[in-house]
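> no FASTA, just this:
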């Protein structure tokens, strides 16, 4: 089964990710079928080929939850929203009396 996931590149403490299509049993950094784009979390920049991603998903590839969120945030396309779920965050006040 093919997966769309992130392959980390870049140096220490400066992450940079490629969005790749790879076999689920192989490491993401080696033997990937194609590169769909990149993601730079330090500068919050993404460049991705959304049409290729949709084509691979329609042919049976499954995106990871993180990749689906990234592609959804870039495109605001509901096609990617079904591959992840938003979890409500419960925040507490810092100086809450106990």
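Okay, I see it. Keep in mind it's a predicted model, so treat the numbers as computed, not measured.

> hmm, who's touching the lowest-mean-pLDDT helix or strand in the chain?
Ranked by mean pLDDT, DSSP states H and E, the weakest helix or strand in the chain is helix 78-81, scoring a mean of 90. Residues external to helix 78-81 that are found in contact with it (CB atoms under 8 Å, 6 or more residues apart in numbering): 54, 57, 63, 68-69, 71-72. C-beta coordinates here come from the backbone N, C-alpha and C atoms, glycine included.

> check what pLDDT the spatially most central residue of the chain gets.
By CA atoms, centre = their mean, the mean C-alpha position of the chain lies nearest to residue 67, the distance being 1.5 Å. pLDDT recorded at residue 67 is 94.

> and the closest residue to it other than its chain neighbours, how many neighbours?
The shortest distance from residue 67 to any non-neighbouring residue, by CB to CB, 6 or more residues apart in numbering, is to residue 4 (5.2 Å). By other CB atoms under 10 Å, 26 other residues sit near residue 4.

> find the helix or strand that residue 4 is a member of.
strand 2-9 (DSSP states H and E).

> list the buried ones in that strand?
Going by neighbour count (16 or more other CB atoms under 10 Å), the buried part of strand 2-9 is 2-7.

> ok, those residues vs residue 94, which is closest?
residue 6 (33.0 Å; CB to CB).

> wait, the closest one sits on residue 66?
Yes. Residue 6 lies in contact with residue 66 (CB atoms under 8 Å); the separation is 6.4 Å.

> count of residues packed around the closest residue in space to residue 40 that isn't next to it in sequence?
Nearest non-adjacent residue to residue 40, counting by CB to CB, 6+ apart: residue 16, 5.6 Å away. Neighbourhood size, residue 16 [other CB under 10 Å]: 16.

> what does the average pLDDT come to for the helix or strand hosting residue 38?
Element membership for residue 38 (DSSP H and E) is strand 34-40. The average of the pLDDT scores along strand 34-40 is 94.

> quick check: angle from it to strand 2-9?
50 degrees (axes from the mean of the first three to the mean of the last three CA atoms, to 10 degrees).
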